[in-house]
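Student: Build me a model from this:
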Amino acid sequence: MQVQDEMIVRKRIFIQRDFSNGLNVRFQTKFPPELDNKIEREVFENTIVTLNQMYADAERVNAAAYCEGCMACLSGYLLLLCMDTQYQKVLKKISRYIDEQNQSIYSPNGVIITDPFCNGLRSIEFAIYDTPDG
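Tutor: As a prediction, this is how the structure comes out:
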């Protein structure tokens, strides 16, 4: 992304994990006041709710995930060298979603979202930046 090469980060905001419902990957939807003049509250909440749903889908156990695990075990986990797991596929989908959100909504308003996987799924980082030209 070209904007990241020219940006000067003014402030970083971290949206922490929400552990109120256990250890599942879920982030707080409380709107940070630092984003008040940058992003609309509904847009922010929609992004966080969508990410929470995507992480819930990644951790969902279904027949495909069960068969994937069984086949991996039977092949001595060599199968995982040839294909992505359900979890890896959803992580890639989340990364694409974050890139799309950055390009269409956040970056034009001076904000960049960092993929939470980059910091161990502990938090989502929102960086408010200034460009050199103002």
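
Student: going forward, measure contacts and count neighbours with C-alpha atoms only.
Tutor: Will do.

Student: what number of residues lie near residue 99?
Tutor: Applying other Cα atoms under 10 Å, we find 18 residues neighbouring residue 99.

Student: So what does it have for phi and psi?
Tutor: When read as degrees, to the nearest 10, the backbone of residue 99 gives phi -60, psi -40.

Student: which other helices and strands contact the host helix or strand of residue 101?
Tutor: Assessed by DSSP states H and E, residue 101 sits inside helix 86-101. Secondary-structure packing of helix 86-101 (3 or more Cα pairs under 8 Å, 6 or more residues apart in numbering; DSSP states H and E): helix 41-59.

Student: Give the buried residues for the helix it packs on.
Tutor: The neighbour-count check on helix 41-59 (16 or more other Cα atoms under 10 Å) flags 41, 44, 48, 49, 51, 52, 54, 55, 58 as buried.

Student: on that earlier part again, how far is the helix holding residue 101 from where the chain is centred?
Tutor: Offset of helix 86-101 from its chain centre (Cα atoms, centre = their mean, to the nearest Å): 7 Å.
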